[in-house]
Structure formats: structure tokens, C-alpha cells
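In: The sequence and its predicted three-dimensional model are supplied below.
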Amino acid sequence: EVLTLLVLMYPLLRGLALHLHSAVTGSYIPGTHSIAFVNCLNEQIARDIARAIMDKKLAAHVNILPKSSALYFWKGELEESTEILLLVKTRTSKIGELSNYVRSIHPFEIPEIISLPIDQGNPLYLKWIEENVPRD
């Protein structure tokens, strides 16, 4: 029973140990921040969504990447179009709220909103993200 309890509590204990280590050493905990990718139909929609994300303080930084070609299946057919891609830098804890908000304002029926955790990076930049995106 003790072994089962330890196995079940391991993720929680590991998380607490990482946070304690981070607090003491000032080091970055991998995955604390994320980059979300959001596709948009055109530059105006991309700018509007990026500004809305920033106004809600759901990100510290958004890049608007230029047009790229896209191939995808939609309703069983192969489609080809151009898209503008947003790279959204934020706290991982904000990804759910960010996704819900973008879906509520995005014109696509099923917008692409995916995220990847940031493993490592410039500690000063990662701290800057933290300072510019309020905690939950």
C-alpha cells in the first residue's frame, strides 16, 4: 500500500521538488511556458487576433509570420490555401484560456490552436514572459 501511494504521489512530489529547487536557485522549470501556434486566413485577421490576445494579457509576445502555403484535408477533400501563422509566447497555465478565447473570436470553424512547452531558453526572456503574463 505504501508503494502504491508513493507511485501515485510521485508526480505531485516531483512537481513540488522542482518548484522548490527553482525558487531556491532561480532556475527555470522546463514546461512552465509554452509557444502556441494559431493559423489565420489573412494578415488583418492575424493582427486582430494577436491584438485581442495581448489586450487580454494572455501572452507576453506574439509573432505574426508571413504568408505560407498550406495543404490540408477538409471534409474529405485535399485543400490548398495560404495562411498567416501566429507564434504566441505565454505561460503554460494560460493555454486552456488562450485556446477558449481564440476559438470564440476566430472565423474558422476549427482553428488550429496547438502548443508546445518551452524546455529551455534565455533565462531573462523566460522571466520577462512570466512578468508580462499574470498568474491565473
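Out: Received the coordinates, thanks. Numbers count the residues shown, from 1 in each chain.
In: need the next SSE after the helix or strand bottoming out on mean pLDDT in the chain, C-terminal direction.
Out: The least trusted helix or strand in the chain, going by mean pLDDT, DSSP states H and E, turns out to be helix 2-25, with a mean of 60. Per DSSP states H and E, helix 2-25 leads on to strand 33-40 as the next helix or strand towards the C-terminus.
In: buried residues in the helix or strand following that following strand?
Out: Past strand 33-40, further along toward the C-terminus, the next helix or strand under DSSP H and E is helix 43-55. The neighbour-count check on helix 43-55 (16 or more other Cβ atoms under 10 Å) flags 45, 46, 49, 50, 53 as buried. C-betas here are computed from N, CA, C, even on glycine.
In: And those residues, which is closest to residue 59?
Out: Residue 59 lies nearest to residue 53 out of the buried residues of helix 43-55, by Cβ to Cβ, at 5.1 Å.
In: who's in contact with the closest one?
Out: 59, 62, 86, 88, 98, 101, 102 (Cβ atoms under 8 Å, 6 or more residues apart in numbering).
In: remind me which residues of this structure are low pLDDT?
Out: For the chain, applying pLDDT under 70 flags the ranges 1-26.
In: Okay, domains of it per the record?
Out: Taking the TED database as the reference, the chain has its domains at 1-28, 31-132.
In: quick one on the thing from earlier: just the contacts of residue 53: which are in strands?
Out: Residues of the contacts of residue 53 located in strands (DSSP state E): 62, 86, 88.
In: Surely the last one and residue 65 touch.
Out: No. Checked against Cβ atoms under 8 Å, the pair residue 88 and residue 65 is beyond contact range at 11.4 Å.
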